[in-house]
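task: produce atomic coordinates for the following.
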Amino acid sequence: QVQLVESGGGLVQPGDSLKLSCAVSGGAFSSLRMGWFRQGPGKEREFVSTISTDGVRRFYADSVRGRFTISRDNASNTASLQMHSLKSEDTAVYFCAAGNLASGKNYRSTKDYEYWGQGTQVTVSS
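Numbers count the residues shown, from 1 in each chain. Take a look at the predicted model:
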């Protein structure tokens with residue numbers, strides 16, 4: 001069974017940076033598409049970023065493009081989300097997700113991922 005554990009969340013001030021990590025176990029990490037989603041207070045879970053299995057192709061939500069960077073290390077079975085210039089609207093629980101490769105998926109929807117972490121809270125506040 002694939003298991004995902006996020007870490008790195010916390011309370012930061014606007015403009016600060018934070019790096020989230022996701023440790024994956026129990027599966028062939030290099031064959032899994034990885035993604036990050038977030039869920040703010042009273043909101044639905046939304047797409048943040050996704051990265052291809054080889055780490056070459058990366059996609060971002062418009063709201064984070066240019067500020068966030070997704071990466072993965074297939075040697076250590078980890079995925080990361082580096083966040084810069086954080087804003088109050090970035091406050092949310094951030095979830096790491098892993099998806100099996102399949103045709104028809106765009107990996108921007110929660111339904112395209114089979115495995116989820118428990119989430120880590122990111123709060124941006126002065």
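
per-residue pLDDT, the nearest residue to residue 106 once chain neighbours are set aside?
Distance criterion C-beta to C-beta, 6 or more residues apart in numbering; nearest residue to residue 106, sequence neighbours excluded, is residue 112 at 6.7 Å. The C-beta positions use only the backbone N, C-alpha and C, and glycine is treated the same way. Model confidence at residue 112, given as pLDDT, is 95.

residue 112 touches residue 98, doesn't it?
No. Checked against C-beta atoms under 8 Å, the pair residue 112 and residue 98 is beyond contact range at 10.4 Å.

which one of these two has more residues nearby?
For the pair residue 112 and residue 98, the greater number of neighbours falls to residue 98 (22 against 18), based on other C-beta atoms under 10 Å.

from what I can see the more buried one touches residue 114, true?
Yes. Between residue 98 and residue 114 there is a contact under C-beta under 8 Å: 7.0 Å.

which neighbours do the two share?
Overlap between the neighbourhoods of residue 98 and residue 114 consists of residue 2, taking contacts as C-beta atoms under 8 Å, 6 or more residues apart in numbering.

ranges for the strands of this structure?
Secondary structure of the chain (DSSP state E): strands located at 3-7, 10-12, 18-25, 32-39, 46-51, 58-60, 68-73, 78-83, 92-100, 115-116, 120-124.

make CSV out of the ones you listed and add mean pLDDT.
Listed next are these as CSV, based on pLDDT from 0 to 100:
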stretch, mean pLDDT
strand 3-7, 97
strand 10-12, 98
strand 18-25, 98
strand 32-39, 97
strand 46-51, 98
strand 58-60, 97
strand 68-73, 98
strand 78-83, 98
strand 92-100, 97
strand 115-116, 98
strand 120-124, 98
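
so which of those strands gets nearest residue 108?
Of all those, the one in closest proximity to residue 108, counting by C-beta to C-beta, is strand 46-51 (4.6 Å).

and the closest one, what does it pack onto?
For strand 46-51, the packing partners by 3 or more C-beta pairs under 8 Å, 6 or more residues apart in numbering; DSSP states H and E come out as strand 32-39, strand 58-60, strand 68-73, strand 78-83.
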